[in-house]
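Okay, predicted coordinates and the sequence, questions at the end:
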Amino acid sequence: MHKIDVKILDPRIGNEFPLPEYATPGSAGMDLRACLDEPLLLAPGQTELLPTGIAIHIADPGICATILPRSGLGHKHGIVLGNLVGLIDSDYQGQLMVSVWNRSDEEFIIQPGDRVAQMVILPVIQAKFSIVDEFDSSNRGQGGFGSSGRN
Ligand SMILES: O=c1ccn([C@H]2C[C@H](O)[C@@H](COP(=O)(O)OP(=O)(O)OP(=O)(O)O)O2)c(=O)[nH]1
Ligand SMILES: [Mg+2]
């Protein structure tokens with residue numbers, strides 16, 4: 001398994017709050033916890049930036065991390081991400097932060113240590129542009145935005 005350096009910024013991580021881990025051998029994501037000192041009430045429509053208590057340094061430009069909503073929180077309670085998806089650059093060394101957005105019309109309380117989002121590590125291809133006047137022809141050409149019809 002790939003190794004990534006992690007700094008523990010909050011002493012509760014690794015003790016009362018486990019370090020993020022894969023819940024099952026086939027898990028794609030590891031859950032991130034809200035490193036809060038007290039419960040946080042999220043009013044309908046409210047967005048808050050939550051600390052996770054850890055920093056990672058991916059270091060390899062061919063890898064990134066993404067922060068995604070948890071399906072249960074998003075579907076049942078309307079707790080999703082204020083940035084929809086978080087993207088963690090390989091050279092970022094600051095604390096991992098989770099922007100939580102209560103898109104529901106009910107209050108939601110986040111407790112310290114709650115698993116609020118999940119992080120997925122993905123490969124990245126960095127590309128350089130090569131300027132051309134014409135592209136090699138393709139089947140699709142410029143068709144898009146429903147050009148193939150609905151059914
Ligand atoms: O949900 C997130 C999204 C981003 N980040 C951190 C890691 C990422 O590498 C950095 C910058 O993110 P991004 O490039 O998406 O934000 P920006 O608004 O473009 O900020 P910057 O000008 O710092 O690049 O912020 C998080 O901790 N959580
Ligand atoms: Mg940026």
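Okay, I see it. Ligands and ions are numbered 1, 2, ... in the order given.

starting at the chain centroid, how far to stretch 113-132?
Averaged C-alpha coordinates place stretch 113-132 at 10 Å from its chain's average position (Cα atoms, centre = their mean, to the nearest Å).

how about that stretch: buried residues?
Of the residues in stretch 113-132, Gly113, Asp114, Arg115, Val116, Ala117, Gln118, Met119, Ile121 count as buried by neighbour count, 16 or more other Cβ atoms under 10 Å. Every residue, glycine included, has its C-beta placed from N, CA and C.

What of stretch 61-78?
Across stretch 61-78, burial judged by 16+ other Cβ under 10 Å covers Cys64, Ala65, Ile67, Leu68, Pro69, Arg70, Leu73, Gly74, Gly78.

Output the buried residues of stretch 113-132 in TSV; the columns should cover distance to Met1, secondary structure and pLDDT.
As requested, the buried residues of stretch 113-132 are arranged in TSV below (distance: Cβ to Cβ, whole Å; DSSP: H, G, I helix; E, B strand; the rest coil; pLDDT from 0 to 100):
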residue	distance to Met1	secondary structure	pLDDT
Gly113	25	coil	98
Asp114	26	coil	98
Arg115	21	strand	98
Val116	24	strand	98
Ala117	21	strand	98
Gln118	17	strand	98
Met119	15	strand	98
Ile121	10	strand	98
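
between the residues you listed, which is nearest Met30?
Relative to Met30, the closest of the buried residues of stretch 113-132 is Met119; by Cβ to Cβ it sits at 5.6 Å.

any idea how far the closest one lies from ligand 1?
Using Cβ to the nearest ligand atom, to the nearest Å, one obtains 9 Å as the distance from Met119 to ligand 1.

Against Gln93, how distant is that residue?
Using Cβ to Cβ, to the nearest Å, one obtains 16 Å as the distance from Met119 to Gln93.

Quick one: list the elements packing against the top strand by length along the chain.
Using DSSP state E to assign secondary structure, the strand with the most residues in the chain is strand 47-57. Other elements packing on strand 47-57 under the criterion 3 or more Cβ pairs under 8 Å, 6 or more residues apart in numbering; DSSP states H and E are strand 5-8, strand 29-33, strand 40-42, strand 95-102.
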